[in-house]
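Visitor: Give the three-dimensional model of this entry:
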Amino acid sequence: MRAMHFAIEKAQALIEAHRYIRTFRDKVVVVKVGGSIQDDDARMTALLTDVSFMSAVGMRPIIVHGGGKSITRAMNDAGLKARFIQGRRYTDRETLEIAERVLVNEVNKGIVDTLNTTGSYALGLHSLGSCVLFAERMYLNGDGGDKVDLGYVGDVREVNTVLLEALTEDGFIPVIAPVAMARNASDGVAKLNVNADTAAGHVAAAMKAEKLVVLSDTHGIRINPEDPESYVSSLTSGEIDGLVRSGVIGEGMLPKVEACLIALQRGVPKAHIIDGRIEHSLLLEIYTDAGIGTQIVMG
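Guide: Numbers count the residues shown, from 1 in each chain. A predicted model of the protein is given here:
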């Protein structure tokens, strides 16, 4: 009887998922992969297997990945210290070279190879091959209204949607490394480091995605920093603005919510911030009624 009960539960889960599979068939979903999950081979393989499943049932997933911890380790090995300003990595020439090497040759290649072992067809898109991100130098606003220089850090201005459309329509899973080609090369540097969250937001917006899903090391957004259980399942863009102004959403979460707002303001219906460390969190967010993490909508 126990086996029968388990089988019935599995059938019910499949029936629940069927409605969402039909709804999201042929829809683009941008998945931003980051956080400690990238340092855990077993969890990363499980996540990418879930992405492969999404592709197999007719969705058109696009992956944008980070690699901050790997970059920091490589910088430490080179005797360099990472520096962050408002949650974004300051990038000089040497840091840019290290970031590009790690992101393209290690992280991107690893994700593509793993996806291909699951039976999917994945293709790496990056600055050492076919690049789909084009950017200009980014400056942040300081406390006094002055511009804050981030070095060779880019603000995405264009996404090659023609290439992405062609690949996803043919069943490929594009895997995008967050190094962009510079629109206006300065100081002889033709490439710019881009925050992976921000890049994912721009890709989702440009592709008119159905969803942007940001995988991180948090269950979502807390409305009370002092209460670890104050995660909320749904927020509007207006509520997000209020939490940012009040300081509840701090530097670590800022690029993630900014990415969500970039996507929402350009017509993406929903954005999600979920914990990538939870088994099948991506599928639970997309294919179940309850979902997991925090969903953000315009309002």
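
Visitor: Any stretches of the protein with poor pLDDT?
Guide: 1-17, 185-188, 289-290 (pLDDT under 70).

Visitor: Quick check, central residue of it?
Guide: Closest to where the C-alpha atoms of the chain average out (Cα atoms, centre = their mean) is Lys32, at 1.6 Å.

Visitor: which one is that one nearest to, not counting chain neighbours?
Guide: Once flanking residues are discounted, Lys32 sits nearest to Ala200: 3.7 Å by Cβ to Cβ, 6 or more residues apart in numbering. (Glycine included, C-beta is placed from N, CA and C.)

Visitor: Phi, psi for that neighbour please.
Guide: Dihedral angles of Ala200 (phi, psi; degrees, to the nearest 10) stand at phi -60, psi -40.

Visitor: ok, it touching Leu212?
Guide: Yes. Counting by Cβ atoms under 8 Å, Leu212 is a contact partner of Ala200 at 6.3 Å.

Visitor: Common neighbours of these two, please.
Guide: Taking Cβ atoms under 8 Å, 6 or more residues apart in numbering as the criterion, Ala200 and Leu212 both touch Val30, Lys32, Ala259.

Visitor: Make sure the last one is indeed in a helix.
Guide: Spelled out, it's Ala259. Yes. Assessed by DSSP: H, G, I helix; E, B strand; the rest coil, Ala259 belongs to a helix.

Visitor: Can you tell me the closest non-neighbouring residue to it?
Guide: Using Cβ to Cβ, 6+ apart, the closest residue to Ala259 is Gly201 (3.2 Å).

Visitor: That neighbour: what's it in contact with?
Guide: With contact set as Cβ under 8 Å, 6+ apart, Gly201 has these partners: Leu212, Glu258, Ala259, Cys260, Leu261, Ile262, Ala263.

Visitor: Present those residues as JSON lines; the columns should include distance to Ala78 and neighbour count.
Guide: Formatted as JSON lines, those follow (distance: Cβ to Cβ, whole Å; neighbours: other Cβ atoms under 10 Å):
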{"residue": "Leu212", "distance to Ala78": "33", "neighbour count": "31"}
{"residue": "Glu258", "distance to Ala78": "29", "neighbour count": "18"}
{"residue": "Ala259", "distance to Ala78": "29", "neighbour count": "28"}
{"residue": "Cys260", "distance to Ala78": "33", "neighbour count": "31"}
{"residue": "Leu261", "distance to Ala78": "35", "neighbour count": "18"}
{"residue": "Ile262", "distance to Ala78": "32", "neighbour count": "23"}
{"residue": "Ala263", "distance to Ala78": "35", "neighbour count": "28"}
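
Visitor: Would you quantify the distance from Gln91 to Val153?
Guide: Careful, residue 91 is Thr; it's not Gln. Look at Thr91 and Val153: by Cβ to Cβ, to the nearest Å, they are 5 Å apart.

Visitor: Find the residues that touch each one of those two.
Guide: By Cβ under 8 Å, 6+ apart, the residues touching both Thr91 and Val153 are Leu192, Asn193.

Visitor: How far does the helix or strand containing Val213 sit from its chain's centre?
Guide: Assigned by DSSP states H and E, Val213 falls within strand 211-216. Distance of strand 211-216 from its chain centroid, counting by Cα atoms, centre = their mean, to the nearest Å, is 5 Å.

Visitor: Now the element after that strand, going C-ward?
Guide: With DSSP H and E, the next secondary element past strand 211-216 is strand 221-222.

Visitor: who does that following strand touch, helix- and strand-wise?
Guide: Judged by 3 or more Cβ pairs under 8 Å, 6 or more residues apart in numbering; DSSP states H and E, strand 221-222 is in contact with strand 231-232.

Visitor: partner strands of the strand it packs on, parallel or antiparallel?
Guide: When pairs are called by DSSP bridges, strand 231-232 turns out to pair with strand 221-222 (antiparallel).

Visitor: Can you list the neighbours in contact with the partner strand?
Guide: 228, 230-232, 235, 240, 243, 248-249, 253, 257, 273, 294.

Visitor: make it 10 Å
Guide: When contacts are defined by Cβ atoms under 10 Å, 6 or more residues apart in numbering, strand 221-222 is touched by residues 228-235, 239-240, 243, 248-249, 253, 256-257, 260, 273, 293-296.

Visitor: Mind checking which of those residues are in strands?
Guide: Using DSSP state E, the subset of the contacts of strand 221-222 located in strands is Tyr231, Val232, Ser234, Leu235, Ile273, Thr294, Gln295, Ile296.

Visitor: Among those, which one lies nearest to Arg22?
Guide: Closest approach to Arg22 among these (Cβ to Cβ): Gln295, at 20.0 Å.

Visitor: For the closest one, which residues count as its bridge partners?
Guide: Beta bridges link Gln295 to Ser234, His272, judged by DSSP bridges.
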